[in-house]
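one predicted model, sequence on top.
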Amino acid sequence: MNPYVLVILLSSLGLGTTLTFASSHWLLAWMGLEINTLAIIPLMAQQHHPRAVEATTKYFLTQATAAAMILFAATTNAWLVGEWDINSLSHPLASTLVIAALALKIGLAPVHFWLPEVLQGLDLLTGLILSTWQKLAPFALIIQVAPTIDPYLLSSLGLLSTLVGGWGGLNQTQLRKILAYSSIAHMGWMLIVLQFAPQLTLLALGTYIFMTTTAFLSFKVSQATKINTLSVTWTKNPTLMVITTLAMLSLGGLPPLTGFMPKWLILQELTKQELPLTATIMALAALLSLYFYLRLCYAMALTISPTTTNSTLPWRTPNTQSTLTLALTSSIALGLLPITPAILALVT
């Protein structure tokens, strides 16, 4: 892709998200979401492959539907209440439509079916943008409208997303689909605590972004797209294999890695709110996700690839990809747990 076009598209991505962040009017927020969607579509279709075109089409139709629902909900609220302000979403019909549309935007269950299919058709860098940056603007709107949403609806969406994200990833062999179901499960963790402690939602979102960035960049450097190809990662870069394994365990929420921090704090908050059953279901759902992360770790660290010419050749080819961003994100994704008190003091 032409560098100038790439700069324009990436700038538009930033502009759309910033516009949604800064707006207090539903029309401006909708415009920001539309700019975001239109900017990422050329990035998704740049491979000119049938799978990429299919993924782009599915993504466009889904996002257009969600954007139309947001506009309809905002217009309905303005008609019934007389307010276009985001924080004045007071009518139950409008608030339910908005949370349904935003759930469709970020891929929450039960409207998650598009996300694994779309992510599977993209290259790893575009998939990284879709899994991290594209979640920010809709999540900013969800945080703003959360006080007007029925708490039972938020809890149901969060629980269902966590269960579906764990259950759906169990029989997957494609890494991008596994990361898509991982995204669904993490979105559920963020949503379940939103009504009680929004700062924990932001903390979980931040740690998720760093961990997912580490996972995508690790797979990009090792050129892995399936579980089978992970077994020869050690021939390409043994250090990368260790980092990727730890990143998977961090995504699963194992101590003493960073991924344990948000899960620990969210379960603690749910217990404080006298919701022990919800906390128990969330903890059990986390075990489902941990299982398929451990499958990846088993393929990378505990499987010895056959000593054939194909498995011994990759280490002879020098890797020219930049790993500076991977080094930074992996450090954050693996080592923040000891400074949890300082992070809590910052976010609260």
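Cool, got the structure.

need the helix or strand of this structure with the lowest average pLDDT.
When the helices and strands of the chain are scored by mean pLDDT, DSSP states H and E, helix 309-312 comes last with a mean of 52.

extract the C-alpha trace of the helix or strand immediately after that helix in the chain and format it as PDB.
Downstream of helix 309-312, the next assigned helix or strand under DSSP states H and E is helix 324-335. What follows is helix 324-335 as a C-alpha-only set of coordinates in PDB (Å, rounded to 0.1, in the frame of the first residue of the first chain):
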ATOM      1  CA  LEU A 324      11.100  -3.200  19.600                       C
ATOM      2  CA  THR A 325       7.300  -2.800  20.000                       C
ATOM      3  CA  LEU A 326       7.100  -6.500  20.900                       C
ATOM      4  CA  ALA A 327       9.800  -6.100  23.600                       C
ATOM      5  CA  LEU A 328       7.900  -3.100  25.200                       C
ATOM      6  CA  THR A 329       4.500  -4.700  25.100                       C
ATOM      7  CA  SER A 330       5.800  -8.100  26.400                       C
ATOM      8  CA  SER A 331       7.500  -6.400  29.300                       C
ATOM      9  CA  ILE A 332       4.200  -4.700  30.300                       C
ATOM     10  CA  ALA A 333       2.100  -7.900  29.600                       C
ATOM     11  CA  LEU A 334       4.300 -10.000  31.800                       C
ATOM     12  CA  GLY A 335       5.600  -7.900  34.700                       C
END
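
which strands or helices does helix 324-335 pack on?
Packing contacts for helix 324-335, counted by 3 or more Cβ pairs under 8 Å, 6 or more residues apart in numbering; DSSP states H and E, involve helix 198-222, helix 238-252. C-beta: built from backbone N, CA, C; applies to glycine.

those into a markdown table, with extra columns for mean pLDDT?
Listed next are the helices and strands packed on helix 324-335 as a markdown table, based on pLDDT from 0 to 100:
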| stretch | mean pLDDT |
| --- | --- |
| helix 198-222 | 93 |
| helix 238-252 | 91 |
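
and of those helices, who's closest to Thr75?
Among these, helix 198-222 comes nearest to Thr75, with 26.9 Å by Cβ to Cβ.

quick check: angle from that closest one to helix 238-252?
Helix 198-222 runs at 150 degrees relative to helix 238-252, counting by axes from the mean of the first three to the mean of the last three Cα atoms, to 10 degrees.

and helix 198-222, what does it pack against?
Under the contact definition 3+ Cβ pairs under 8 Å, 6+ apart, helix 198-222 sits against helix 124-131, helix 133-145, helix 175-192, helix 238-252, helix 260-272, helix 324-335, helix 340-347.

would you mark the buried spots in it?
Residues of helix 198-222 classed as buried: 198, 200-222 (neighbour count, 16 or more other Cβ atoms under 10 Å).

picking up where we left off before, make TSV from the helices and strands packed on helix 324-335 and add distance to Ala64 to it.
What follows is the helices and strands packed on helix 324-335, written out as TSV (distance: least, Cβ to Cβ, whole Å):
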stretch	distance to Ala64
helix 198-222	25
helix 238-252	31
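
and Ile192, how far is that from Ile142?
According to Cβ to Cβ, to the nearest Å, Ile192 and Ile142 sit 12 Å apart.

again, but for Gln321
35 Å.

from the chain's centroid, how far away is the longest helix along the chain?
Ranked by residue count, the top helix of the chain under DSSP state H comes out as helix 50-81. With Cα atoms, centre = their mean, to the nearest Å as the basis, helix 50-81 stands 19 Å off its chain's centre.

that one: which residues count as buried?
For helix 50-81, the neighbour count (16+ other Cβ under 10 Å) marks 52, 55-56, 58-60, 62-63, 66-67, 69-71, 73-74, 77-78 as buried.

now the angle from that helix to helix 124-131?
On the basis of the same axes, to 10 degrees, helix 50-81 is oriented at 10 degrees to helix 124-131.

would you mind pulling up the elements that the next helix or strand after helix 50-81 packs against?
The helix or strand immediately downstream of helix 50-81 is helix 92-106, counting by DSSP H and E. Secondary-structure packing of helix 92-106 (3+ Cβ pairs under 8 Å, 6+ apart): helix 50-81, helix 133-145, helix 151-168.

thank you, goodbye.
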